[in-house]
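A.B. asks: When you get a sec, could you give me coordinates for this:
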Amino acid sequence: MNIAILGFGNEGKTLLTFLRKSPRYKKAVITVLDRNEGLSGELTKLKIPYRLGIGYLKDINSFDIIFRSPGIPYLTPAIQKAIKKGLVVSSQTKLFFDEIANAKSAAKSAKPVIVGVTGTKGKGTTSTLISQMLKNAKYKVVLAGNIGRPMIETLAAAKKADYVVLELSSFQLQDMDASPDIAVVLDIFPDHLDVHKDLREYYAAKANIGRFQKKSGRIFFYATNAGSVRIATKSPARKHAVTPKQDNLRKNFEMAAAVARTCGCSGSVIEKTLKKFTGIEHRLELVKKIKSITFYNDSAGTNPVATAAAILSFKEPIVLIAGGKDKGLSYAPLAAALKKSSVQHVILFGENKAKIALGIKSTKRPITMASNLKEALKIAFDRAKELATQKESAMILFSPAAASFDMFTSYKERGEIYKKMVNALR
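C.D. replies: Numbering: from 1, shown residues only. Predicted structure coming up:
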C-alpha cells in the first residue's frame, strides 16, 4: 500500500507515528508531500521518502491513500482531480472517527460519546468549557481537534473515555462522511472566503457536523443565528435550540452549559466551572495591568464579526488594535459594533489596514495608522494613558479582525509576540 501524508506539520507528524505503529498500515510505503523544502533534513533522518517544493503535488495519482492535513485546501485542483480518478483522500479527522466507531462496535458500547463543536468563532472556548464541566462531573473526558492537540495522539485515551470533545474547523469537516454523536453549532457567519470556493461551500462544509448523525443523536444550535439554524436543519438528529441571553462572547458559556446539562452535569457543577473559568490563550486573554490600563490579547479574533463580539464584551473605554491579512470579508459588522461600543480610538496596522479604515469610516472613531504591531502598541499605550487620565481607567484590546499571515506564521505566534511586547512595557 502506498500512502501519502499531505502536509507535515503537527498533524502530519502525529499521523506518521500512528501509521508506523498501526497493524493495518505499518507495512505501507509512506511518502510525505509538502511545499516546505526545509523539511528535507528532518525527513531524511526519519528515513521517509518525500516530495517537497513547488511540485510536491505532482503525480499524486500514484498513491492508494492520501491523508490531507487541514492546512492543505480540499479544493486544491490536484486533490480534486485525484478524487475524480477514484483515489481515496482521507484525513486524520476521518481516521479518528473510523477508529472510534470500530472500537465502539467491537466493545458493543455507546462510549465514548463524541461531542463535536463548530462555529465561525467561539469553538475553543465552548469546547474547553464543555470538557471542564464534564471532568468536574467526574466523567472521563478527552479534549482534542483544532484546539491544538491532534486527535490521533489522543486515540488510546479516547477509546477509554466517557466523552470525547472535539473542536472542528470547516477544513476538518469539509470532506467528512461521519458526524459526532452530539453536534454543537455556534454562530456561523462568512469567513475563510480566501480558501473556500464561496459562502455556500463554506456553509456546506460546516453542515457536515450534523449531516451524518443518527436520529438518536443531538444537535445544539443558536436560534438567533441564521447560519446556525440553517446547518441544524441538515441534521436528522434531535434539535436543541439555544436562545442566548447575551449578545457577546459570553453567549458561548450558555451553549456550553446547555450541552453539559444534557450530558448529565448538575447545575452546581456548571456554575462552579463557569466561576473558575479564566478563558483560554489568545481569546480575550488578560495579559497585564499597568496602573489603570488593562491589556487584552484576542489574537484569535481573525475576522470582523469576532472582533465585533470582543469589543461588545467590555464597557470600559477601549483602544482597539486591529489589522492583518485580508480574508475577502466585509467590515460592516465591525462598523456596526463600533457604533455601539466603548471604543474611543482605533489603531490599524497590517496589509488590510486601509480596507478596514474605509469600512469603519462612518463610525467617526479616530483612526491612526501604524507600520507594524510594535508601533501600533506604542501608539495605543499613549492613547490609553490619555484616556485613563480623563476617565480613570482604559483598556487596550488587540483583536485584529483579520488573519495573521501578512506578518506572522499564525494567530498564536502573533498573540505571543503581542504579549511579549506588552510584558516589556512599564
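
A.B. asks: Stretch 294-311: end-to-end distance?
C.D. replies: Stretch 294-311 has an end-to-end distance of 14 Å (C-alpha to C-alpha, to the nearest Å).

A.B. asks: for that stretch, what is the average pLDDT?
C.D. replies: Averaged across stretch 294-311, the pLDDT comes to 92.

A.B. asks: what residues are up against L286?
C.D. replies: T278, G279, T294, F295, Y296 (C-beta atoms under 8 Å, 6 or more residues apart in numbering). Every residue, glycine included, has its C-beta placed from N, CA and C.

A.B. asks: Just put these in CSV and tack on distance to S40 and secondary structure.
C.D. replies: Shown next, in CSV, are these (distance: C-beta to C-beta, whole Å; DSSP: H, G, I helix; E, B strand; the rest coil):
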residue, distance to S40, secondary structure
T278, 42, coil
G279, 40, coil
T294, 46, strand
F295, 41, strand
Y296, 41, strand
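
A.B. asks: what two of these are the furthest from one another?
C.D. replies: T278 and F295 (15.3 Å; C-beta to C-beta).

A.B. asks: For those two, work out which one has more neighbours and name it.
C.D. replies: Ranked by neighbour count (other C-beta atoms under 10 Å), T278 and F295 place F295 first, with 26 against 6.

A.B. asks: so what's the more buried one bridging to?
C.D. replies: Assessed by DSSP bridges, F295 has beta-bridge partners K288, I396.

A.B. asks: and the gap between the closest residue to S410 other than its chain neighbours and G415?
C.D. replies: Spatially, and ignoring its direct neighbours in sequence, S410 is nearest to S404 (5.8 Å; C-beta to C-beta, 6 or more residues apart in numbering). Noted for S404: a distance of 9 Å to G415, by C-beta to C-beta, to the nearest Å.

A.B. asks: which neighbours do these two share?
C.D. replies: Common neighbours of S404 and G415 (C-beta under 8 Å, 6+ apart) are S299.

A.B. asks: quick one on the thing from earlier: out of the contacts of L286, who's nearest D181?
C.D. replies: Closest approach to D181 among the contacts of L286 (C-beta to C-beta): G279, at 27.4 Å.

A.B. asks: Neighbour count: S404 and G415, which is higher?
C.D. replies: For S404 versus G415, the count of surrounding residues by other C-beta under 10 Å is larger for G415: 24 against 21.

A.B. asks: and the gap between the more buried one and A306?
C.D. replies: For G415 relative to A306 (C-beta to C-beta), the value is 13 Å.

A.B. asks: quick one: buried residues of the helix ranked longest in the chain?
C.D. replies: Scanning the chain for the helix with the most residues, using DSSP state H, yields helix 373-391. Residues of helix 373-391 classed as buried by neighbour count (16 or more other C-beta atoms under 10 Å): L373, A376, L377, I379, A380, F381, R383, A384, K385, L387, A388.

A.B. asks: what about the stretch 201-350 of the chain, any weak spots by pLDDT?
C.D. replies: 248-249 (pLDDT under 70).

A.B. asks: just the strands in it please.
C.D. replies: 218-222, 238-242, 285-290, 293-297, 318-322, 343-348 (DSSP state E, counting those that start in this stretch).

A.B. asks: The fifth one: partners in the sheet, and parallel or antiparallel?
C.D. replies: Same thing as strand 318-322. Strand 318-322 is paired, per DSSP bridges, with strand 343-348 (parallel), strand 394-398 (parallel).

A.B. asks: quick one: that strand to strand 293-297, angle?
C.D. replies: Between strand 318-322 and strand 293-297, the angle comes out at 30 degrees (axes from the mean of the first three to the mean of the last three C-alpha atoms, to 10 degrees).

A.B. asks: Pull the residues that contact strand 318-322.
C.D. replies: 307, 311, 334, 341-349, 356, 373, 376-377, 380, 383-384, 387, 394-402.

A.B. asks: any residues in contact with both of G415 and A306?
C.D. replies: By C-beta under 8 Å, 6+ apart, the residues touching both G415 and A306 are A300.

A.B. asks: just to revisit the earlier point, tell me which of the strands of the stretch 201-350 of the chain sits most buried.
C.D. replies: Scoring the strands of the stretch 201-350 of the chain by mean neighbour count under mean count of other C-beta atoms under 10 Å gives strand 318-322 as the most buried, with a mean of 28.

A.B. asks: Could you name the helices and strands sitting against the longest helix of the chain?
C.D. replies: Using 3 or more C-beta pairs under 8 Å, 6 or more residues apart in numbering; DSSP states H and E as the contact test, the elements touching helix 373-391 are strand 293-297, strand 318-322, strand 343-348, strand 394-398, helix 411-423.

A.B. asks: And those: which comes nearest A101?
C.D. replies: helix 411-423 (31.4 Å).

A.B. asks: Return the set of buried residues in that closest one.
C.D. replies: For helix 411-423, by 16+ other C-beta under 10 Å, it's Y411, R414, G415, E416, I417, Y418, K419, M421, V422.

A.B. asks: For it, which helices and strands make contact with it?
C.D. replies: Using 3+ C-beta pairs under 8 Å, 6+ apart: helix 411-423 touches strand 285-290, strand 293-297, helix 373-391.

A.B. asks: could the contacts of L286 be laid out in JSON lines, adding distance to F96?
C.D. replies: Formatted as JSON lines, those follow (distance: C-beta to C-beta, whole Å):
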{"residue": "T278", "distance to F96": "29"}
{"residue": "G279", "distance to F96": "27"}
{"residue": "T294", "distance to F96": "40"}
{"residue": "F295", "distance to F96": "37"}
{"residue": "Y296", "distance to F96": "34"}
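
A.B. asks: of those residues, closest to L168?
C.D. replies: Out of those, the member with the shortest distance to L168 (by C-beta to C-beta) is G279, at 20.6 Å.
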